[in-house]
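Undergrad: could you look at this predicted model? Sequence included:
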Amino acid sequence: MADNIEDPTPTGNVWPMAGEQTDELVRAAFPLRLGLAEGKVALVTGAGRGIGEATARLFAVEGAAVVVCDIDGDAAQAVVRSIQERGGEAFAVAADLTKEDDVAAVINSAIDNYGRLDCAVNNAGVSGRFGSFIDLPLHEWQHMINANLTSVFLCLKYELGVMAAQGFGAIVNVSSGAGVVAAPGLPHYTAAKHGVLGLTKCAAQEFAAKGVRVNAILPGTTRTPMIEGFINGDPKIEKMVSRGIGRGYLGEPSEIAESAVWLCSDRASFVCGESLLVDGATVCR
Ligand SMILES: NC(=O)c1ccc[n+]([C@@H]2O[C@H](COP(=O)([O-])OP(=O)(O)OC[C@H]3O[C@@H](n4cnc5c(N)ncnc54)[C@H](O)[C@@H]3O)[C@@H](O)[C@H]2O)c1
């Protein structure tokens, strides 16, 4: 930085640089609690770990009561305990979001506990096996579409019903860079994530005038159990993956969470139908 330009940050440049990225560093860059979700009720799906867990934690820090939903009930409970230990408000609900009865029960439990639903982040999803179109078995296609697209449709169906009746609400669907470009070898994942953006646009158009905003985020490669399974602790694979990311490092779950919580906040009141890349410059051209 040139001598005559004042560093805008009070403690010097705390922005993480490529290669020194950690979750703590990212949080250190955002030391203030902004109250973005003060008094709100927020549902996060797939919140037992990864991006969903970070989003649930950030909602709690920002003042929301959080419904922590996951197919893995023990993982959801553990996240709730940790939020409560830090003075936050949360409860866990186990559900398989590919099943309509489970989705209806999740929304009902949010209403039973807190009386309304202000925000929802439809994040739950799965990854798949790499391969060619011609080797992709129909059951793997169907599993992917159910877990990554039908689950989002079902969540939207019930969330929109409640929010339209209230006359307010904000929803964020979690797509992927694979929602706008091909993920070679993952046609089922690519199709599902493109579909999430289609659902987002349809819902945004239909419900904007009813007080409900619907947006999507498109995370880039993020350090979660989903990706750690692929990297398998091998620094060479991590380096190879990082080379495709403009910022030069894997995203942290908390960096993705920031965008989801902001989009759900009243600060984003005129943002509706948007698909927001949060990928450190990966797919932009
Ligand atoms: N990690 C990345 O690099 C990355 C990149 C782009 C998009 N995404 C998307 O972000 C979302 C979260 O990814 P992540 O990396 O945190 O994944 P993750 O595998 O670490 O966590 C996903 C969570 O979703 C839950 N889940 C899966 N299927 C479910 C179901 N049917 N019902 C309820 N819960 C279910 C899992 O139990 C798990 O806790 C996914 O939609 C994923 O496609 C991730």
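TA: All right, it came through fine. As the structure is a computational prediction, the values presented were derived from the model and not from experiment.

Undergrad: three-state assignment of the residue nearest to C284 when sequence neighbours are not counted?
TA: Once flanking residues are discounted, C284 sits nearest to L277: 6.6 Å by CB to CB, 6 or more residues apart in numbering. Every residue, glycine included, has its C-beta placed from N, CA and C. In the three-state summary, L277 is assigned as strand, counting by DSSP: H, G, I helix; E, B strand; the rest coil.

Undergrad: give me every residue that touches L277.
TA: With contacts defined as CB atoms under 8 Å, 6 or more residues apart in numbering, L277 is in contact with G177, V180, L218, G220, V283, C284.

Undergrad: return the residues of the stretch 1-150 of the chain in contact with the ligand.
TA: Taking CB under 6 Å from any ligand atom as the criterion, the neighbours of the ligand within the stretch 1-150 of the chain are 45-46, 48-52, 70-72, 75, 95-98, 123-126, 147.

Undergrad: which stretches of the stretch 151-285 of the chain form helices?
TA: Counting by DSSP state H, counting those that start in this stretch, the segments of the stretch 151-285 of the chain that form helices are 151-166, 187-207, 225-231, 235-243, 253-264.

Undergrad: could you dump those helices to TSV with mean neighbour count?
TA: Formatted as TSV, the entries for these read as follows, by neighbours: other CB atoms under 10 Å:
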stretch	mean neighbour count
helix 151-166	20
helix 187-207	20
helix 225-231	14
helix 235-243	13
helix 253-264	25
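
Undergrad: closest to R86 out of the ones you listed?
TA: If you check each of the helices of the stretch 151-285 of the chain against R86 by CB to CB, helix 253-264 wins as the nearest, at 14.5 Å.

Undergrad: neighbouring contacts of that closest one?
TA: 23, 26-27, 30, 36-37, 40, 42, 50-51, 53-55, 57-59, 62, 118-121, 123, 170-172, 174, 213, 215, 217, 219, 222-224, 268, 271, 274, 276, 278.

Undergrad: tell me the confidence at M1?
TA: The model reports M1 with a pLDDT of 30.

Undergrad: repeat that for G169.
TA: The predicted local distance difference test score for G169 is 98.

Undergrad: beta partners for it?
TA: When bridges are assigned using DSSP bridges, the partners listed for G169 are V212.

Undergrad: and it, how close does it get to T224?
TA: Noted for G169: a distance of 26 Å to T224, by CB to CB, to the nearest Å.

Undergrad: between the two, which one's more packed in?
TA: G169 (25 against 22; other CB atoms under 10 Å).

Undergrad: just say helix, strand or coil for A104.
TA: Using three-state DSSP, the structure places A104 in helix.

Undergrad: now do it against the ligand, distance only.
TA: Relative to the ligand, A104 is positioned 14 Å away (CB to the nearest ligand atom, to the nearest Å).

Undergrad: ok, that residue - contacts?
TA: Contact criterion CB under 8 Å, 6+ apart gives Y158 as the residues in contact with A104.

Undergrad: that older thread, can you tell which of the helices of the stretch 151-285 of the chain is closest to the ligand?
TA: Evaluated with CB to the nearest ligand atom, the helices of the stretch 151-285 of the chain place helix 225-231 nearest to the ligand, the distance being 3.4 Å.

Undergrad: go ahead and name everything in contact with stretch 145-155.
TA: With CB under 8 Å, 6+ apart as the criterion, stretch 145-155 contacts 45, 97-98, 100, 103, 120, 122, 124-126, 173, 188-189, 191-193, 195-196, 199.

Undergrad: any regions of the stretch 101-250 of the chain where pLDDT drops low?
TA: Per-residue confidence of the stretch 101-250 of the chain (counting by pLDDT under 70) places no residue in a weak region.

Undergrad: and the residue of it that's closest to the ligand?
TA: Per CB to the nearest ligand atom, the residue of the stretch 101-250 of the chain with the smallest distance to the ligand is G125, at 2.5 Å.

Undergrad: pretty sure that residue contacts N173?
TA: No. Applying CB atoms under 8 Å, one finds G125 not in contact with N173, separated by 10.1 Å.
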